[in-house]
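In: the sequence isn't on hand, but the structure is:
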DNA sequence: CTGATATTAGTACCAAGTGCTAATAGCGGG
DNA sequence: CCCGCTATTAGCACTTGGTACTAATATCAG
């Protein structure tokens, strides 16, 4: 005996999920039934035709790509700054900043907020990050607001260096700590850093 | 005057890149030419038909999904991966990634590439970064291609930890080194990390 | 005015379907 | 053994979004 209708439909579903690019004709060969039977099965299971399945997959990923573009100019909004001393910025975590699977913010957004704040605090035309140590203490989820507070903890003007500590909190709970060794870039030495 | 052939083809290319789901008929309306002209244009530009374009997008993401890791959420493009061992990704630095004043890439892009590669290499549903140490050795400019190589240097399965080292180079010159302490997220402990 | 290029029109054909009708197969109960 | 039911198969017209090809027309430049 070939397979009961029910069994075949179960397997059909699996097959299509596993490989959405399969045609009715290929499925008809796989299950040794007519193409019409496959089509009836798809109808009963509400499985769309090949082209619609492909399109669906494509639209999904296309939208994902559009979403994953961000990280543009300034990350977060600076709400207070005293150059060379301290600065505060806020960053609202939105759906596009988190892992889809568990809604936890991806690390580079926390880093980006902290790092751009460290850059901003430098009273300099431009500053570059040289070294950094980070601790991701607690996961941050979509909908939460991260408050990052940066403080200049050490200055070495002769070496064009400054050290900045950034503590990020959500509802007064520390979620991230980063220390940044910053290089003050003056106009005569644009090329190298290390 | 409508548009020259050349102008139209340039715009056509843009239109299709922006929205690969557009049909020849829609394009013919957009540019006020016949469907045949659109088809000739596509031929000259070697742009495949709608269904092939959609399929291409779908196949791309489907293959990514089959590898079943958050590869679709990686910054940069993964060109080689051996789960739990090593991985390589490339990231092309574009104008939107650099400081306008001196064309140097912002640090968080280098971090994002390295960190997401560290996440991808973990053979795990989801991994989170716990700690990280970074060195920005040389500035990277727009137009350059960063090659990041990640290696798992230590595993502590009992603690759900792994240590990943990422070295990023431009033209064989090391520009960035990062070490990441990663937390393997298993289904029973979803909540806390620190 | 002649040629070359660009554009449009029209036909036949294809893949992978939908939607519909109709025929047939297999089996179980009375 | 026939009735009724479900399952399966077959066939046809039609759809989308094209390809491949031929032929006619438009436009412009020398």
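Out: Alright, I've got the coordinates. Just so it is clear, the model here is predicted, and its values are computed rather than measured.

In: what is the burial count for residue A:94?
Out: Residue A:94: 12 surrounding residues under other CB atoms under 10 Å in any protein chain shown. For every residue, glycine as well, the C-beta is placed using N, CA and C.

In: and it, how far from residue B:185?
Out: Per CB to CB, to the nearest Å, residue A:94 is found 21 Å from residue B:185.

In: what does residue A:86 give?
Out: Taking CB to CB as the measure, residue A:86 falls 34 Å from residue B:185.

In: more neighbours, the two?
Out: Between residue A:86 and residue B:185, residue B:185 has the larger neighbour count (other CB under 10 Å), namely 21 against 16.

In: where in chain A is pLDDT low?
Out: Under the criterion pLDDT under 70, the flagged ranges of chain A are A:1-2, A:61-74, A:123-125, A:186-194.

In: around DNA strand C, pick out the residues from it.
Out: A:23, A:24, A:25, A:36, A:39, A:42, A:43, A:48, A:49, A:50, A:51 (CB under 7 Å from any atom of the strand).

In: just the ones of those in helices?
Out: A:24, A:25, A:36, A:39, A:42, A:43, A:50, A:51 (DSSP state H).

In: and those, which two are furthest apart?
Out: Farthest-apart pair in these is A:36 and A:51; separation 18.6 Å (CB to CB).

In: more neighbours: the two, which one.
Out: Ranked by neighbour count (other CB under 10 Å), residue A:36 and residue A:51 place residue A:51 first, with 13 against 10.

In: now residue A:156, nearest residue through space, not along the chain?
Out: Closest residue to residue A:156 apart from its sequence neighbours, by CB to CB, 6 or more residues apart in numbering or on different chains: residue A:162 at 7.0 Å.

In: what is the helix or strand harbouring that neighbour packed up against?
Out: Following DSSP states H and E, the helix or strand that holds residue A:162 is strand A:161-170. Strand A:161-170 sits against helix A:107-121, strand A:145-156, strand A:173-185, with contacts defined as 3 or more CB pairs under 8 Å, 6 or more residues apart in numbering or on different chains; DSSP states H and E.

In: can you list phi and psi of residue A:143 for me?
Out: Per-residue torsions, residue A:143: phi 100, psi -20 (degrees, to the nearest 10).

In: gap between it and chain B?
Out: Residue A:143 sits 16 Å away from chain B, going by CB to the nearest CB, to the nearest Å.

In: contacting DNA strand D as well, which ones from the ones in helices among the residues of chain A next to DNA strand C?
Out: Restricting these to those within reach of DNA strand D (CB under 7 Å from any atom of the strand) leaves residue A:36.
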